[in-house]
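[1] Here is the input, now give the coordinates:
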Amino acid sequence: MARTLGKPIGSAPRPRLNSGAIGSAIGQAVPRGVAGLTIRQRANLVDMIRSQITPCWNPPQAEEGSGHVTVLMRIRLGRDGQVSGSPTVARISGQTVANGAYANALAGSVRRAVLRCAPLRLPAELYDAWADVELNFDPRDIS
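    Residues are numbered from 1 along each chain as shown. The predicted structure is shown next:
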């Protein structure tokens with residue numbers, strides 16, 4: 001049910017997804033249980049999560065003056081990589097009264113991306129590190 005805000009659907013070409021840039025933003029959000037992981041395991045785990053979520057995210061186009069909005073989404077995963085319950089918004093940064101509709105649409109696009117990409121394929125032996133994650137989504141990372 002995603003729609004383009006401020007323009008009729010189909011009036012402008014959709015921007016292409018810049019996987020590298022989005023990946024770096026997602027990489028900033030680290031799974032909560034990574035304390036016991038080596039740097040290499042942590043980087044590999046973040047890359048695995050990034051590579052699976054990034055292709056599924058289709059954020060709405062921002063209206064003029066909507067400002068910079070980002071969404072931090074909390075996701076709980078079962079051992080099979082399926083999302084447990086519904087992904088929840090941990091924080092929306094940059095939301096104002098003026099851009100509230102856009103911020104809500106952005107959060108919805110993030111939630112759909114997570115659900116669309118499930119189940120995630122992640123190493124079972126590192127389950128404690130990825131069972132409960134928060135991912136940061138920044139639409140500026142699309143080119």
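[2] those helices in this structure, which residues are they?
    19-28, 39-53, 100-117, 127-130 (DSSP state H).
[3] low-scoring stretches of the chain, by residue?
    1-35, 142-143 (pLDDT under 70).
[4] For the helices of the chain, give me TSV that also has distance to residue 67 and mean neighbour count.
    Every residue, glycine included, has its C-beta placed from N, CA and C. Formatted as TSV, the helices of the chain follow (distance: least, C-beta to C-beta, whole Å; neighbours: other C-beta atoms under 10 Å):
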stretch	distance to residue 67	mean neighbour count
helix 19-28	17	17
helix 39-53	24	17
helix 100-117	9	19
helix 127-130	32	18
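[5] quick one, which of these is nearest to residue 79?
    Taking C-beta to C-beta, helix 127-130 is the member of those nearest to residue 79, at 5.6 Å.
[6] Report the contact partners of residue 117.
    Residue 117 is in contact with 52-53, 55-56, counting by C-beta atoms under 8 Å, 6 or more residues apart in numbering.
[7] Tell me the spacing between residue 95 and residue 42.
    Distance of residue 95 to residue 42, computed by C-beta to C-beta, to the nearest Å: 30 Å.
[8] What of residue 118?
    22 Å.
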